[in-house]
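**Q** I'll drop the sequence and a predicted model, then ask my questions.
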Protein chains: 2
Amino acid sequence: MNKQHNIAILGIGTVGGGTYDILTREAAMLKKTQGLDITVKYVLDKCKDIIVKRGVPQAAAVDSLDVILADESVNLVVETMGGVEPAKTFILKILQSGRSVVSANKELIAKHGKELEEVAKKSGAGFYYEASVAGGIPIIRVLQEGMQANNLVEVMGIINGTTNYILTKMAEQGLAYADVLKEAQSLGFAESDPTADVDAFDSMYKLSILSSMAFHVPVSHTQIYREGITSITAEDIVNAKLLGYVIKLLAIGKRSCEGVEVRVHPCFVPLSHPLASVRNEFNAVFLKGDSVDDIMLYGRGAGAFPTASAIVSDVISALKGGTSKTDVFSGSDKVNIIDDFASSYYMAITAVDKAGVLAKITEVFSKFNVSISQMVQRGAAGEKAQLVFLTHPAKEHSMQAALSEIKKLKEVKSSDSLIRVL
Amino acid sequence: MNKQHNIAILGIGTVGGGTYDILTREAAMLKKTQGLDITVKYVLDKCKDIIVKRGVPQAAAVDSLDVILADESVNLVVETMGGVEPAKTFILKILQSGRSVVSANKELIAKHGKELEEVAKKSGAGFYYEASVAGGIPIIRVLQEGMQANNLVEVMGIINGTTNYILTKMAEQGLAYADVLKEAQSLGFAESDPTADVDAFDSMYKLSILSSMAFHVPVSHTQIYREGITSITAEDIVNAKLLGYVIKLLAIGKRSCEGVEVRVHPCFVPLSHPLASVRNEFNAVFLKGDSVDDIMLYGRGAGAFPTASAIVSDVISALKGGTSKTDVFSGSDKVNIIDDFASSYYMAITAVDKAGVLAKITEVFSKFNVSISQMVQRGAAGEKAQLVFLTHPAKEHSMQAALSEIKKLKEVKSSDSLIRVL
């Protein structure tokens, strides 16, 4: 009695492969529990050999989109290729033909979401992307279908598994960034070119999607303040521990009457905060709404099966006619981006170890209205000492101005770190 | 351009009042972000005075369901009365008339879900109950729409805010159960008759709903092993702390090839486990699926606005034609309920303090294949001492048999506590 659904998967890498595996292995379960009879009719990749080697029957392996477009029995396409092109061209063609698309492609959606959803709206095709943020955690669904009663004021979290893995290993094993990165690469937790993760582009794209949804205004990735983890030192990690913190790469979106604040950067997280215990490759997202108060979702943010789990949930929504995402990036509302946000700071500098230095530094802080909450002098080595400061909340611009003036003091040998504190 | 939706709310208590407030206060926001024009046309309660006092206009206040049933412009009814009757009769009449129902009534749904969903299916009415479990946490939505790719093997959590509040205060302030209960009652965190919460009926109803959904087989509340928190002593709390645990009331559902294991009881939770840090009235639910692995959702499990937030999300789903819950309790699959589950245990007994007692006790344990992982002797008072044991995983029936035999030893003065360990 069930209608037969033929779908295609574009890209048979980790996530595409996991999706293929679930849809074929669990076909009977999905028929029974969802009433859906789903067949993966095509798998597309650059070369048929790779597809067949991955366990896909020869007849389903294709290397050209035309076969899929020409087959009218295909009513849904899953895109797991990643990157902007050719994914964008492919998805546009499929949406234009009226077929629904399920995508895991955060970069494409963050950069071209508006164009994609406009095309989908015009042709009546569905467009779904649960898997684009936080892997197996159903954060997109919760934002769109569970929080509508709320004016959301905050969406914040650890949404990149690679950097969280690296920072966890640095903190727990006392290793240097470069060593952990090498290990993560050899284990397959980091790409051979790790830029997208460690320089926080990945988190930035995801935050663009999350904050656009949460705040009902398009937030472009170009409006997000971005800072990666490459300059975090083993010393910062030790200092954090001494002060009762752990360093995490956080994506932070806040909405207030003044506008929206969006930033991705390393952050000192107090050990008592639930995000502090999110270890290794796990992700977690916090939401704060005016009705629901705090909500946290925790789970695996990457990996073949967790991500494929999210894709399959979208496939089922799409086949059951669930609400497609069509107004996330198209809103005409202009939003004020607050770049002079307030934060507490951790600052480490190396200075000559003699009387009067501290007075000079604190004078600069005071000039820029930055107030110190904690100060530690560490590891005096000969004539130099490291000075570590934690500040009370200050404006970003004031803090940067203070740092710039402190650097100019002749007693200051180097400015080692400036990290925001949650 | 938006269709006008008229809805009615049955019951203007805490949750009904919160729902009324959100729907009226946020009408413009819901119109803008959801494209829905919602009016609360009627509010029903026992007496019109109460309704009007709550801020509802006189014209909307009704004390008879007939007015609502007779008004064909009403297309959805929210039920927040609680309890089985008259809620059941009212909901049945509304569903029979083809109107959708959003309910927060876990007791009614756990006890009569099958009848309600059959009536809804027959008339084509929608039936939704996100708010029935874990307040503002969108766990029902996540189970039904985010986890379909998974064979779920575990659903577990802290799903009663009152008992979690009591246990948190006992642990953090070293107070006795009775004193904290009194304080919770005066603060409105516990009912004047606290039975439903402290004897774990509330958690039991919720677990019936969660496990029926998660495992795709109807799990009756009568099949759930239930034990409340009333016999937890300040001494148990101290012992837990000494051993590195905190005591929580857990609802646990597990699915394996052998069947389903469903139980609600106090549990020693290791301090390193994320559930250990769920404090006060907060709730958290863990899911384990074969694709997604571990997922945790955390938030406020009760309160006017968090619960109303869940109700409003259901109202919106219903008005947008979202999938109604119609096959949760109606499944014909029979499931084997495993009552002889395995667990580790904490056991405290008071015995005479003399040589040979421990040997006798451990002999009984060994006879029933219960193996000890830790033993502490505490507070020898004159001739008596408290003996505290932690066991390795053992079968429930073996443990109960061992305890029963230990109690008969003439050296054993009292059996103080038996609490399972996560």
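**A** Nice, I can see it.
**Q** Longest helix of chain A, counting residues only.
**A** For chain A, the longest helix by residue count, based on DSSP state H, is helix A:106-123.
**Q** in it, what's buried?
**A** Across helix A:106-123, burial judged by 16 or more other CB atoms under 10 Å in any protein chain shown covers A:106-117, A:119-120. C-beta here means a position set from N, CA and C on the backbone, and glycine is covered the same way.
**Q** Phi and psi next, for the residue of chain A most remote from its centre.
**A** The C-alpha centroid of chain A is most remote from A:Ala355, which lies 45.4 Å away (CA atoms, centre = their mean). The phi/psi pair for A:Ala355 (degrees, to the nearest 10) reads phi -60, psi 140.
**Q** Now do it against chain B, distance only.
**A** According to CB to the nearest CB, to the nearest Å, A:Ala355 and chain B sit 45 Å apart.
**Q** So what's the predicted local confidence for that residue?
**A** Looking at A:Ala355, its pLDDT is 80.
**Q** Roughly how far does it sit from A:Val412?
**A** 15 Å (CB to CB, to the nearest Å).
**Q** what's the longest helix of chain A packed up against?
**A** Other helices and strands packing on helix A:106-123, by 3 or more CB pairs under 8 Å, 6 or more residues apart in numbering or on different chains; DSSP states H and E, are helix A:87-96, strand A:127-128, helix A:201-215.
**Q** Minimum distance to A:Gln173: which of the ones you listed has it?
**A** helix A:201-215 (23.1 Å; CB to CB).
**Q** so how far is that closest one off the chain centroid?
**A** Computed by CA atoms, centre = their mean, to the nearest Å, the chain-centroid distance of helix A:201-215 equals 7 Å.
**Q** mind listing what's buried in that helix?
**A** For helix A:201-215, burial by neighbour count (16+ other CB under 10 Å) applies to A:201-215.
**Q** so what secondary structure elements neighbour it?
**A** Using 3+ CB pairs under 8 Å, 6+ apart, helix A:201-215 sits against helix A:106-123, helix A:139-145, strand A:152-158, strand A:225-226, strand A:245-256, strand A:259-270.
**Q** Can you give me the neighbour number for the residue of the stretch 201-350 of chain A found nearest chain B?
**A** Nearest residue of the stretch 201-350 of chain A to chain B: A:Val312, at 3.4 Å (CB to the nearest CB). Neighbourhood size, A:Val312 [other CB atoms under 10 Å in any protein chain shown]: 29.
**Q** next SSE after whichever strand or helix holds it?
**A** Assigned by DSSP states H and E, A:Val312 belongs to helix A:304-319. Sequence-wise, the next helix or strand downstream of helix A:304-319 (DSSP H and E) is strand A:342-352.
**Q** Show me which residues of the stretch 151-300 of chain A are close to chain B?
**A** Applying CB under 8 Å from any CB of the partner chain, one finds that the stretch 151-300 of chain A approaches chain B through A:151, A:216, A:274, A:277, A:289-300.
**Q** Out of these, which two sit at the greatest distance?
**A** Greatest spatial distance among these (CB to CB): A:His216 and A:Ser277, at 31.2 Å.
**Q** Need the CA coordinates for the helix-or-strand element of chain A with minimal mean pLDDT. PDB is fine.
**A** Counting by mean pLDDT, DSSP states H and E, chain A has its least confident helix or strand at strand A:372-381, which shows a mean of 82. Only the C-alpha atoms of strand A:372-381 are listed here, as PDB (Å, rounded to 0.1, in the frame of the first residue of the first chain):
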ATOM      1  CA  ILE A 372      40.500  43.600  36.800                       C
ATOM      2  CA  SER A 373      38.900  40.700  38.700                       C
ATOM      3  CA  GLN A 374      41.900  38.500  39.200                       C
ATOM      4  CA  MET A 375      45.700  38.800  38.600                       C
ATOM      5  CA  VAL A 376      48.400  36.100  38.800                       C
ATOM      6  CA  GLN A 377      52.100  36.500  38.200                       C
ATOM      7  CA  ARG A 378      53.600  33.300  36.900                       C
ATOM      8  CA  GLY A 379      57.000  31.700  36.200                       C
ATOM      9  CA  ALA A 380      59.500  34.500  36.600                       C
ATOM     10  CA  ALA A 381      62.300  33.400  34.300                       C
END
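**Q** For that strand, which residues meet the burial criterion?
**A** In terms of neighbour count (16+ other CB under 10 Å), strand A:372-381 has its buried residues at A:Ile372.
**Q** other SSEs contacting the helix or strand just after that strand?
**A** Of the helices and strands lying after strand A:372-381 in sequence (DSSP H and E), the nearest is strand A:384-391. On a contact count with 3+ CB pairs under 8 Å, 6+ apart, strand A:384-391 meets strand A:342-352, helix A:357-367, strand A:372-381, strand A:412-421.
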